[in-house]
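This is the structure alone, sequence omitted:
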């Protein structure tokens, strides 16, 4: 027990002496401070940002600039015409029952024709219970009422002098009512075959148009017309996607009770092919100054068939959403897919540290073992190991890594193993040369004289004398491996499931004009350089602390 205490006390004294010397080393303190910052970034990434670096797409309008550039004057590189995201609708899913009066439905205004009733249904809904129940009913026989419409709209102010990048919307609906059966030919997109089935066509068809208006100028656009709506019995229990031809028009129908639209996107909605060919619709429909706008849904009941019986149609509306995606976002903006660049930078820190440190540890362990064995055993073992080492040393590093990663896969763990297996050569030669010197010293001869074996001598006498080399080499090997990972990712050999700094730089290449966005290019490049510098400074500091000759020269 006393021997253990003495060893612990001796180790504590050595550690204290090491820290006293290290903390007076300017290079070591600088390198440690930089490294601590990166460790905080890596460990704190899940807490510093709520987004995923790869999966969280569409946060802004794509290739957005940092928000703070709006507040800088143009002479200093500022962009005051940038716009920010806006969520126009506060409660798209009607989670809270809206108050309905003669002109308002909660936050929505509305106008309607006679014979249309509107109420809130707390039991139905697409995403959560609660939706609008809009119904048309004709009890009179012998007369058709024609078209009856209701227009539900939301007015909002757009406060930016710059136009948005895009807008997106969503609407879910389900239609029910009196109708008649009709046999139609259906194309099953899942099973890739034609078949016949009965569908219900409503006596009072329902048309839906999504409207965008400039209130100040009175301009109006129908930005998303919904085709004729019908019901296919049995699809509620066995939902599938089919194409149905009705009166010469083919409609794509998703066989659920609730039909949810995700097509209201200014980049790919029908308006892109119709209203504004070759022009970004969002930038054509918004003006270059603050103004008032309106987003609305127009529902039309078409009472044009069979006047000899009472008819009704009901449409349930839910998840009416509309958001405007601006040209600026967060601290660093977004990439082409609208993913947060600050999030990518934070998560890229952990990848660089993970690759750099683990691959360096693997390389140092292999190099230490090879150097010890070759230096101490000598003879044929030394020749074989060193000639194999020489063969690996003459191979070009980056081209070999590219070939091996392309063959084995771009998974990060594969890269770590490859960097470790290819990075031990130089350190092995340094260790071997040190061992050749140490094994001729008197204390090694004394150990042999008392009967110590080769393994005991290597572990107890030689390894402690080369450990200072190990610490220094470990610190100086990490930068090269960080640069290797960044280089491979920059060339396109990155792990598709993880974000790294090199992958950020790779993404810049394939976005036209993005190379000019310095907030996308500079931060990952600067982080790669600073992380490499931190380990280099630590390596120099450790060399000065652990090497008495260097310490005496100061």
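Noted; the coordinates are in hand. Not measured: the values here are computed from a predicted model. Numbering: from 1, shown residues only.

just the helices in the stretch 151-300 of the chain please.
Residue ranges of the helices in the stretch 151-300 of the chain, as given by DSSP state H, counting those that start in this stretch, are 270-273, 281-285.

and those helices, which one is worst for confidence?
When those are compared by mean pLDDT, helix 270-273 comes last with a mean of 53.

Was I right to think residue 92 contacts residue 171?
No: the criterion here is CB atoms under 8 Å, and residue 92 misses it with residue 171 at 9.0 Å. Where C-beta positions appear, they are placed from N, C-alpha and C, glycine not excepted.

Overlap of the contact sets of the two?
319-321 (CB atoms under 8 Å, 6 or more residues apart in numbering).

By neighbour count, which of those residues wins?
residue 320 (24 neighbours; other CB atoms under 10 Å).

isn't there a strand covering it?
Yes: per DSSP: H, G, I helix; E, B strand; the rest coil, residue 320 lies within a strand segment.

Now distance to residue 50 and pLDDT too, for the shared contacts of residue 92 and residue 171, in JSON lines please.
Output for the shared contacts of residue 92 and residue 171, formatted as JSON lines (distance: CB to CB, whole Å; pLDDT from 0 to 100):
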{"residue": "319", "distance to residue 50": "22", "pLDDT": "86"}
{"residue": "320", "distance to residue 50": "25", "pLDDT": "88"}
{"residue": "321", "distance to residue 50": "20", "pLDDT": "88"}
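
Residue 484: which of these is nearest?
Of all the shared contacts of residue 92 and residue 171, residue 321 has the smallest distance to residue 484: 45.5 Å, by CB to CB.

give the contact list for that closest one.
When contacts are counted by CB under 8 Å, 6+ apart, residue 321 touches 89, 92, 169-171.

let's see 7 Å
89, 92, 169-170 (CB atoms under 7 Å, 6 or more residues apart in numbering).

Okay, and which of those residues map to strands?
Counting by DSSP state E, the part of the contacts of residue 321 found in strands is 169-170.

Most neighbours among the contacts of residue 321, please name it.
residue 169 (26 neighbours).

Give me the distance between that residue and residue 287.
20 Å (CB to CB, to the nearest Å).

What of residue 46?
41 Å.

Same drill for these two, tell me which one is more crowded.
The neighbour comparison of residue 46 against residue 287 (other CB under 10 Å) goes to residue 287, with 16 against 11.

give me phi/psi at the more buried one?
Here is the backbone geometry of residue 287 (degrees, to the nearest 10): phi -90, psi 170.

can you tell me which residues contact it?
Here residue 287 is in contact with no residue (CB under 7 Å, 6+ apart).

okay, now the domains of this protein?
Using automatic domain parsing, the domain ranges for the chain come out as 2-56+340-553, 99-177+204-232+261-325.

nearest to residue 73, of those?
Closest of the domains of the chain to residue 73 is domain 99-177+204-232+261-325, at 14.3 Å (criterion: CB to CB).

distance between the closest one and the chain's centre?
32 Å (CA atoms, centre = their mean, to the nearest Å).

and the gap between the residue lying closest to residue 207 once chain neighbours are set aside and residue 60?
Once flanking residues are discounted, residue 207 sits nearest to residue 300: 4.4 Å by CB to CB, 6 or more residues apart in numbering. Distance from residue 300 to residue 60, counting by CB to CB: 35 Å.

same question, residue 178
Residue 178 is 46 Å from residue 60, by CB to CB.

out of those two, which sits in the busier spot?
Set side by side, residue 178 and residue 60 show more neighbours around residue 60, with 26 against 16, by other CB under 10 Å.

circling back: Serialize the domains of the chain to JSON lines and add fields for distance to residue 72.
Output for the domains of the chain, formatted as JSON lines (distance: least, CB to CB, whole Å):
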{"stretch": "domain 2-56+340-553", "distance to residue 72": "12"}
{"stretch": "domain 99-177+204-232+261-325", "distance to residue 72": "14"}
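
Please identify which helix or strand holds the closest residue in space to residue 160 that isn't next to it in sequence.
Closest residue in space to residue 160, ignoring its immediate chain neighbours: residue 83 at 3.9 Å, by CB to CB, 6+ apart. For residue 83, there is no helix or strand it lies in under DSSP states H and E.

Show me where the stretch 201-350 of the chain dips below the pLDDT cut-off.
By pLDDT under 70, the weakly predicted segments of the stretch 201-350 of the chain are 225-264, 266-278.

Burial check on residue 436, number of neighbours?
15.

distance of it from residue 388?
Taken as CB to CB, the span from residue 436 to residue 388 is 18 Å.

what do you get for residue 14?
For residue 14, the distance to residue 388 - CB to CB - is 37 Å.

of the two, who's got more company?
A count of neighbours by other CB under 10 Å puts residue 388 above the other of residue 14 and residue 388, at 14 against 10.

part of a helix, is that one?
Yes: applying three-state DSSP, one finds residue 388 inside a helix.

ok, it - contacts?
Counted by CB under 7 Å, 6+ apart, residue 388 has zero contacts.

so the nearest residue to residue 497 once chain neighbours are set aside, which of the three states?
In space, and not counting its chain neighbours, residue 497 is closest to residue 54: 7.1 Å by CB to CB, 6+ apart. Secondary structure, three-state DSSP: residue 54 is coil.

what separates residue 54 from residue 128, distance-wise?
28 Å.

contacting residues around the residue nearest to residue 160?
Here residue 83 is in contact with 160, 162-164, 326-328 (CB under 7 Å, 6+ apart).

Can you flag the buried ones in those residues?
160, 162-164, 326-328 (16 or more other CB atoms under 10 Å).

In what element of secondary structure is residue 35 found?
helix 26-48.

what does that helix contact?
22-23, 346-347, 349-350, 353, 530-531, 533-535, 537-538, 540-541.

Of those, select the buried ones using a PyMOL command.
In PyMOL, a selection of the buried entries from the contacts of helix 26-48 looks like this (16+ other CB under 10 Å):
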select buried, resi 22+346+347+349+350+353+531+534+535+537+538+540+541
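
can you pull out the helices in the stretch 451-554 of the chain?
Going by DSSP H, counting those that start in this stretch, the stretch 451-554 of the chain shows helices at 454-457, 463-490, 501-509, 518-546, 548-553.

Would you mark the buried spots in the first one?
Of all the residues in helix 454-457, those buried under the rule 16+ other CB under 10 Å are residue 457.

now what about that helix, what contacts it?
Against helix 454-457 from outside (CB under 7 Å, 6+ apart): 376, 444, 447.
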